[in-house]
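# predicted model and sequence follow; I will ask about them next.
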Amino acid sequence: MAVDAHVLLREAEDQIEAWCCELDVTWHAVLADAEAQADHIRGEALADAGEIVGAARVEAERILAEADELAGEHVDVIRALTTAEREAVGEELAGLREAVNRLRTELSRVVDAAFDAIPAVEATADAIDRALGEEAEPVAVGAPAEKRRRGLRRLFRRA
């Protein structure tokens with residue numbers, strides 16, 4: 001039997017064509033399977049991402065709620081401290097005002113007593129000088145004691 005080369009070549013081409021068709025079908029099936037797996041993996045990833053984002057939102061809302069609560073507490077504490085400090089400063093200033101008024105009154109009394117004592121001191125100095133036989137040193141007295149006292153009282157009241 002004689003084998004014709006053309007027949008063999010045609011059979012080989014048919015066989016190669018069948019293999020190519022079979023390969024093409026297999027390739028389309030593998031590609032479709034890969035796309036299905038990719039879609040499935042993408043869907044799972046999206047679901048996981050959605051869960052993670054949801055959990056993160058819940059955690060963020062919890063943190064924000066706690067921060068708002070703490071901020072509110074801190075604002076209340078700051079307001080209470082500010083009010084308490086203002087009251088304490090007011091009490092201290094009131095006490096200081098009272099002390100200054102007492103000091104003003106006391107200084108006014110001391111100055112009044114000093115001016116009232118000047119004539120007695122002068123008389124005593126004159127008497128001592130006479131007893132010792134010395135001449136009295138002249139003392140320059142400017143204005144009467146009454147005028148000076150009023151001026152000092154006004155000075156202390158302004159302060």
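Noted; the coordinates are in hand.

# quick one: list the elements packing against the host helix or strand of Asp126.
For Asp126, the host element (DSSP states H and E) is helix 5-132. If you count contacts as 3 or more CB pairs under 8 Å, 6 or more residues apart in numbering; DSSP states H and E, helix 5-132 packs onto helix 145-158. Placement of C-beta: from N, CA and C, glycine included.

# now the helix it packs on: average pLDDT?
Averaging pLDDT along helix 145-158 gives 49.

# and if you look at stretch 98-115?
86.

# using CSV, write out every CA atom in that stretch.
Listed next in CSV are the C-alpha coordinates belonging to stretch 98-115 (Å, rounded to 0.1, in the frame of the first residue of the first chain):
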residue,chain,number,x,y,z
GLU,A,98,-12.1,95.7,103.7
ALA,A,99,-8.4,95.6,104.8
VAL,A,100,-7.6,98.7,102.8
ASN,A,101,-10.6,100.5,104.3
ARG,A,102,-9.5,99.5,107.9
LEU,A,103,-5.9,100.7,107.1
ARG,A,104,-7.2,104.0,105.7
THR,A,105,-9.3,104.6,108.9
GLU,A,106,-6.4,103.6,111.1
LEU,A,107,-3.9,105.9,109.3
SER,A,108,-6.4,108.7,109.4
ARG,A,109,-6.6,108.3,113.2
VAL,A,110,-2.8,108.1,113.5
VAL,A,111,-2.4,111.3,111.4
ASP,A,112,-5.2,113.1,113.4
ALA,A,113,-3.6,112.0,116.7
ALA,A,114,-0.1,113.2,115.5
PHE,A,115,-1.5,116.6,114.5
